[in-house]
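Visitor: Build the 3D model from these lines:
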Amino acid sequence: MGTIGELGEFGLIGRLTRRLPQGPAVRLGPGDDAAVVAAPDGRVVATTDLLVDGRHFRRDWSGPYDIGRKAAAQNLADVVA
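Guide: Residues are numbered from 1 along each chain as shown. You can find the predicted model right below:
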């Protein structure tokens, strides 16, 4: 298998999503951006992104508000995509 760094982001996503069950509630399976799952009162869009200190932000330049804002913007962009 090697390391996650060798596998890369999309390789890791592929490995993880192959293990997820696909049932009738899954309207759009997980990919790079998000997944859509049926819920009793409609649909749920699920997404997550990881921000890494030193790569996506620097704590010596950014405060908690700035980091949170960037995390929210990244995840909302995935929902829109």
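
Visitor: separation between the residue lying farthest from the centre of the chain and G42?
Guide: Distance from the C-alpha centroid of the chain, by C-alpha atoms, centre = their mean, peaks at D60 (25.1 Å). Computed as C-beta to C-beta, to the nearest Å, the D60 to G42 distance reads 43 Å. C-beta coordinates here come from the backbone N, C-alpha and C atoms, glycine included.

Visitor: And F10, by the same measure?
Guide: According to C-beta to C-beta, F10 stands 30 Å off from G42.

Visitor: quick one, which of the two is more surrounded?
Guide: F10 (10 against 6; other C-beta atoms under 10 Å).

Visitor: Let me know the secondary structure of that one.
Guide: Here F10 takes the helix state, with states given by DSSP: H, G, I helix; E, B strand; the rest coil.

Visitor: Let's see the pLDDT reported for it.
Guide: Per-residue confidence (pLDDT) for F10: 76.
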